[in-house]
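In: kindly generate the corresponding structure for this input.
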Amino acid sequence: MWKEFVSGYLSFSKKERTGIIALLALIFLLTVAPFFYPLFTQQEAADASAFQHEIATLVIKEKTTNRKTDILHPYQYPDNGTYKNNRATLFYFDPNTLDKAGWQKLGLREKTIATIQNYINKGGRFRQPEDIQKIWGMSPYDANRLIPYIRIAQQNAKQDFTHKKLDKPTYEKPAYEKKAYSPTMIDINTADTAALISLPGIGSKLSQRIISFREKLGGFYTVDQVAETFGLPDSTFQKIKSRLTIITTGIKKININTATIDELKTHPYIRYPIANAIIQYRTQHGNFSSVNDTRKIMLVTDELFNKTAPYLTVE
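Out: The predicted structure is shown next:
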């Protein structure tokens, strides 16, 4: 009686055993699934095109900008824009008789010294210490630093009268000319991804597509071909068109008298039907005597001929 009761509750039919096994397998899969989930998902890579664009712009500007550097490296520039020479030595002096070495010892720049000597040589004269502030290129910092040490020798009336006529400097203040900004032109047949990324609206993906399209073509023969790049919006092309140029004109050409159908059809402008037609025409009529002979092929339209002719040769 007891054995029959136990066996009745603990025995399972084939269908029940199958269900139990399936349930245990499902529980096992749900348990280990979180550990294997990262292996089947791919995190989207962050788009660094904006950062690359800024870096490329800085690289181009650094290559094309002529930076002015101060000739006298001992000078240091404080926050107020004036310069300070740590090697300067102050002493009492007469600006009307001081030589170049003396001015250098006082810590003035070469350009300022040349202006003072030119003023003296043309008859100019300092009659009071404050006159040194009128020298073109003399910074307020240097003027205030030197004025307490200026000692001007007294001149007789005749000499003073003579110099009054010559005190006015004969030089003129040079007019400031603002240099017009001219954007850097980019050779589309030699530009790398860094140069292309510097263009507005061009990121890493578009720059790589332009270069890939250029390599498949064998080089660009006109700037307008860039607009045919896959995924390049026309609005973006119109923005960058003025900065594109062709300096390197070497075009990789395909010999239509020796090329195979596989070599022909890899060119973006020559699809399989055109490549097959070229091979069939060459088989029936012999080698092409000139690229113009491809016009005789029915599938070659005038538009297609004009696009492909620069990339074909019979030699």
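In: grab the nearest non-local neighbour of residue 298.
Out: residue 277 (7.4 Å; CB to CB, 6 or more residues apart in numbering). C-beta coordinates here come from the backbone N, C-alpha and C atoms, glycine included.
In: and the gap between that neighbour and residue 221?
Out: Separation of residue 277 from residue 221 (CB to CB, to the nearest Å): 23 Å.
In: can you check residue 15 too?
Out: Distance, residue 15 to residue 221, by CB to CB: 76 Å.
In: try residue 241
Out: Where residue 221 is concerned, residue 241 sits at a distance of 16 Å (CB to CB).
In: those two: which is more packed in?
Out: residue 221 (16 against 13; other CB atoms under 10 Å).
In: below-threshold pLDDT in the protein: ranges please.
Out: Residues of the chain meeting the criterion pLDDT under 70: 1-10, 40-51, 53, 59-87, 155-182.
In: strands of that one, start to end?
Out: Taking DSSP state E as the test, the strands found in the chain are 75-76, 84-85, 186-187, 244-245, 254-255, 312-313.
In: show me what the fifth one is packed against.
Out: Contacts of strand 254-255 with other secondary structure elements, assessed using 3 or more CB pairs under 8 Å, 6 or more residues apart in numbering; DSSP states H and E, are made with strand 312-313.
In: distance between the strand it packs on and the chain's centre?
Out: Chain-centre distance of strand 312-313: 35 Å, with CA atoms, centre = their mean, to the nearest Å.
In: that one pairs with which strands, and in what direction?
Out: With DSSP bridges as the test, strand 312-313 is paired with strand 254-255 (parallel).
In: what does the partner strand rub up against?
Out: 218, 263-264, 267, 311-315 (CB atoms under 8 Å, 6 or more residues apart in numbering).
In: let's go with 10 Å and repeat that
Out: Strand 254-255 has contacts (CB atoms under 10 Å, 6 or more residues apart in numbering) with 218, 263-264, 266-267, 270, 275, 278, 287-288, 308, 311-315.
In: neighbour-wise, give me the winner out of the residues you listed.
Out: residue 278 (26 neighbours).
In: contacts only, for that one.
Out: Contacts of residue 278 (CB under 10 Å, 6+ apart): 254, 256-257, 259, 261, 264-265, 270, 288, 293-294, 297, 299-300, 308, 312.
In: just those now: which is nearest residue 33?
Out: Nearest to residue 33 out of these is residue 265 (CB to CB; 46.5 Å).
In: spatially nearest residue to the closest one, not counting backbone neighbours?
Out: In space, residue 265 is closest to residue 275, 4.1 Å off (CB to CB, 6+ apart).
In: ok, now which ones touch the one you found?
Out: By CB under 10 Å, 6+ apart, the residues touching residue 275 are 254, 256, 259-267.
In: so which bits of stretch 287-303 are buried?
Out: 288, 291, 293-294, 297, 300 (16 or more other CB atoms under 10 Å).
In: please save the CA atoms from it in PDB.
Out: What follows is stretch 287-303, C-alpha atoms only, in PDB (Å, rounded to 0.1, in the frame of the first residue of the first chain):
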ATOM      1  CA  ASN A 287      43.000  46.200 -80.800                       C
ATOM      2  CA  PHE A 288      41.700  49.800 -80.400                       C
ATOM      3  CA  SER A 289      43.800  52.300 -82.400                       C
ATOM      4  CA  SER A 290      42.700  55.100 -80.200                       C
ATOM      5  CA  VAL A 291      40.500  55.800 -77.200                       C
ATOM      6  CA  ASN A 292      38.000  57.400 -79.500                       C
ATOM      7  CA  ASP A 293      37.300  54.000 -81.000                       C
ATOM      8  CA  THR A 294      35.200  53.200 -77.900                       C
ATOM      9  CA  ARG A 295      32.600  55.600 -79.200                       C
ATOM     10  CA  LYS A 296      31.800  52.900 -81.800                       C
ATOM     11  CA  ILE A 297      30.500  50.700 -79.000                       C
ATOM     12  CA  MET A 298      26.700  51.100 -78.800                       C
ATOM     13  CA  LEU A 299      26.600  51.200 -74.900                       C
ATOM     14  CA  VAL A 300      29.100  54.000 -74.800                       C
ATOM     15  CA  THR A 301      27.200  57.300 -74.700                       C
ATOM     16  CA  ASP A 302      28.800  60.700 -75.200                       C
ATOM     17  CA  GLU A 303      28.500  61.400 -71.500                       C
END
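In: what comes into contact with that stretch?
Out: Residues outside stretch 287-303 that contact it (CB under 10 Å, 6+ apart) are 253, 255-258, 270-271, 273-274, 276-278, 280-282, 285, 304-305, 307-314.
In: where do the helices sit along the stretch 51-200 of the chain?
Out: Secondary structure of the stretch 51-200 of the chain by DSSP state H, counting those that start in this stretch: the helices cover 100-106, 110-121, 140-146, 157-166, 193-197.
In: how far away from the center of its chain is the third one?
Out: How far helix 140-146 lies from its chain's middle: 42 Å, per CA atoms, centre = their mean.
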